[in-house]
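Asks: I would like to see how this sequence folds:
(4 chains)
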Number of protein chains: 2
Amino acid sequence: MADTGPDLEPEDRRRVVLKDVAALAGVSVKTVSNVVNGYVHVTPATRARVEAAIRELNYRPNLSARNLRQGRSGVIALAVPELDIPYFAELARLVVAAAEERSLTVLVDQTGGDRAREQLVAEGIRAHLIDGLIFSPLALTGEDLAARTDDTPMVLLGERIHHGPADHVVVRNVEAAREATLHLARLGRRRVAAIGAQDHPAAGTARLRLAGYREALAAAGLPADDGLVAPVAAYHRADGARAMARLLDRADPPDAVFCFNDLLALGALRTLLERGVDVPGDIAVAGFDDIEDGRYATPTLTTVAPDKEQLARRAVELLAERMAGAAPAAREIHVPHRLVVRESTAGRPARPAPDPAAAGRTS
Amino acid sequence: MADTGPDLEPEDRRRVVLKDVAALAGVSVKTVSNVVNGYVHVTPATRARVEAAIRELNYRPNLSARNLRQGRSGVIALAVPELDIPYFAELARLVVAAAEERSLTVLVDQTGGDRAREQLVAEGIRAHLIDGLIFSPLALTGEDLAARTDDTPMVLLGERIHHGPADHVVVRNVEAAREATLHLARLGRRRVAAIGAQDHPAAGTARLRLAGYREALAAAGLPADDGLVAPVAAYHRADGARAMARLLDRADPPDAVFCFNDLLALGALRTLLERGVDVPGDIAVAGFDDIEDGRYATPTLTTVAPDKEQLARRAVELLAERMAGAAPAAREIHVPHRLVVRESTAGRPARPAPDPAAAGRTS
DNA sequence: ATCGTTGTATACAACGTTGTAAAGACCTGG
DNA sequence: CCAGGTCTTTACAACGTTGTATACAACGAT
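Replies: I've put the predicted structure just below:
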């Protein structure tokens, strides 16, 4: 608090700027800038002298200044509900990696799925700090997003907002849910339950997966019993565990369950185990997302595996296009998915199983 | 690519800046700035006029300019090996939350545990973009860090670098590992194995936890058998699964295993399950980190639970102090931990299969 | 030798913001 | 009604960088 802080050398403390390098190298500031930016027309001799000065002073460009000058920051934000939900963590890793390939830095925002916070994000809480936004909203509706005034380029992830105003990259939720449910029906299960229904208007994922589930029941000639559709407050393990318990407490429990994400399924598995219910003998379980945990669960979890790698890559790609100035109409990109059948529906493999890492995927 | 892009209105496209607001409100640029920054001496009338203009134009301050002017960005970086390792994901969430309380934005860097990348991070790859760094290095040694030339404030997380040049916030690894191992010994286990030893010089965590494990064996009067110490390449489930398989293939397999983190333990559990080994009946398993997965594993996982909340909070706190200019000597802060005993050592709870906790004492 | 032509280096302004210093408006008390 | 103070607002400069325009040097061709 005292003064500007001559904690160390009074002068040396200052950050090194172009001017310092220029002085040491005996050239103009702009020449140093040119060297830093790889401008072609610089004599090898000059370049060498400048580079030596840069090294000697350990010069680092001031990004704030550069950004101010250039009007962009090279930073994009990734806004997700929570980082420690495995699906989003995996996505975050992939987005950061994809962004890096384009020399973009990722700033991570956690909305907690909270509507007010999501609105702030959409409204550009980080405006001018970021050049673009990859957003995975939970609570916002299509109208909310359409009403957005901030014009930072945005790409929506993993959620389908009908006629949204922005690009979105998604998996074919209805089809995928149908495939998973049909898989359960083809095992001969007659009472296939669903865990993960949600009421509120923004619950796009829940609605689509529920639709796929119902389509599959119809296609398989099974009756639709709304008592077998378990709503949840959120998509965490605990919700899945509770929902499973409620289903088991019914007079006519299900013989299969399709959970709208893997965390719900893992919670359900836990309840089944505690109750001594055999999986998949008594009840088969399938999930959605293919998070790593599912590959090590007991039993390993059958699940819909979206191509997350591509999800991330395409999102960054679309965003980069818009950041570069392209302004096509909102696009909807679908990434592939596949059903990965594991023990929770197919049963335990023969005794000697070598490497569990090989279960399901290349790893 | 064509031109600068009159995709919309040729003029309206420009971002709104202070000047625009000032013009509309009929005041000077500085007055608008004063309003934005909550400067006290502004007439209510003026303030109202300015605020109206701000709303009308939807003005957002340009952070690059503000940062340039003020010499700081309000952004800190969190550098961790991988975001989809649950421990780091949880930590990331907590750090982001703690940072938010101080109006700091977090930028996440993934090093992959790669030495070159960690060096870049330490050397200030984001210099001038960030005001501080919270770093959880995997491959760097204390010397590497001491040799760092960048002077961005830094706090090290969860890793103990001896006599490091920076603050670090850590759990008492040796003590915690000792407690966990002693817990296994007190169950009556005689052949307690360890999974997670690592050779390379930077593996501080592995070394400390191994030391704690050995101390506990000595304290319990158990012989130290190096054949029971399983090295791993990394700390993922697959490594734990493989290491467990190797231990089981020995002529004299262990009757308990202390894994140096929960992922290793989860991998080990998977192998045990596949081999039909009863946990904790035949082999008791304990981990470290208390990640959520462990609470839903089969059986639920006994583990050392570091106070991650405090870990994150203290790290941000120390960093903020240094960013504010304080320059005390490097500090080492210890956060509390506790041993959470669950089914993997205590046995299945009574619920479904009446099975008293004493089941853990079978061997 | 002179003229372009190309290649190299420079000065200056500008990006949008805020700190400084100072000017203007307004009040109080003599 | 004015001196002296406080409150409010302003002009200007500066943060570090890069685009533009331009000066200067070196060159081959006339």
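Asks: hmm, stretch A:125-137 touching chain B?
Replies: Yes - Stretch A:125-137 is in contact with chain B by Cβ under 8 Å from any Cβ of the partner chain, via A:Arg126, A:Ala127, A:His128, A:Leu129. Just so you know, the C-beta spots here come from the backbone N, C-alpha and C atoms, and that holds for glycine as well.
Asks: tell me which residues touch the residue nearest the centre of chain A, please.
Replies: What sits nearest the mean C-alpha location of chain A, by Cα atoms, centre = their mean, is A:Leu91, with 3.6 Å. Applying Cβ atoms under 8 Å, 6 or more residues apart in numbering or on different chains, we find A:Leu91 in contact with A:Val80, A:Ser136, A:Leu157, A:Gly158, A:Lys308, A:Leu311, A:Ala312.
Asks: apart from its neighbours in sequence, what residue is nearest the fourth one?
Replies: Once its chain neighbours are removed from consideration, A:Gly158 has its nearest residue in A:Ser136; the separation is 5.5 Å (Cβ to Cβ, 6 or more residues apart in numbering or on different chains).
Asks: and if you look at the last one?
Replies: Spatially, and ignoring its direct neighbours in sequence, A:Ala312 is nearest to A:Leu94 (3.5 Å; Cβ to Cβ, 6+ apart).
Asks: for the one you found, grab phi and psi.
Replies: Main-chain torsions, A:Leu94, degrees, to the nearest 10: phi -70, psi -40.
Asks: hang on, isn't it packed against A:Arg313?
Replies: Yes - at 7.4 Å, A:Leu94 and A:Arg313 qualify as touching, with contact defined as Cβ atoms under 8 Å.
Asks: same for the helix or strand encompassing A:Val21, what does it pack against?
Replies: Secondary structure from DSSP states H and E places A:Val21 in helix A:18-25. On a contact count with 3 or more Cβ pairs under 8 Å, 6 or more residues apart in numbering or on different chains; DSSP states H and E, helix A:18-25 meets helix A:29-36, helix A:44-57.
Asks: does the longest one reach DNA strand C?
Replies: What it means is helix A:44-57. Yes - applying Cβ under 7 Å from any atom of the strand, one finds helix A:44-57 in contact with DNA strand C at A:Ala45, A:Thr46.
Asks: equivalent analysis for the shortest one, please.
Replies: Yes - for helix A:29-36, a contact with DNA strand C is found by Cβ under 7 Å from any atom of the strand, at A:Val29, A:Lys30, A:Thr31, A:Asn34.
Asks: filter those residues to the buried ones?
Replies: Neighbour counting over the residues of helix A:29-36 next to DNA strand C (16 or more other Cβ atoms under 10 Å in any protein chain shown) leaves A:Thr31, A:Asn34 as the buried ones.
Asks: okay, the residues of helix A:29-36 next to DNA strand C in a markdown table with pLDDT and distance to B:Ala346 next?
Replies: Converted to a markdown table, the residues of helix A:29-36 next to DNA strand C look like this (pLDDT from 0 to 100; distance: Cβ to Cβ, whole Å):
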| residue | pLDDT | distance to B:Ala346 |
| --- | --- | --- |
| A:Val29 | 95 | 69 |
| A:Lys30 | 95 | 70 |
| A:Thr31 | 95 | 71 |
| A:Asn34 | 94 | 68 |
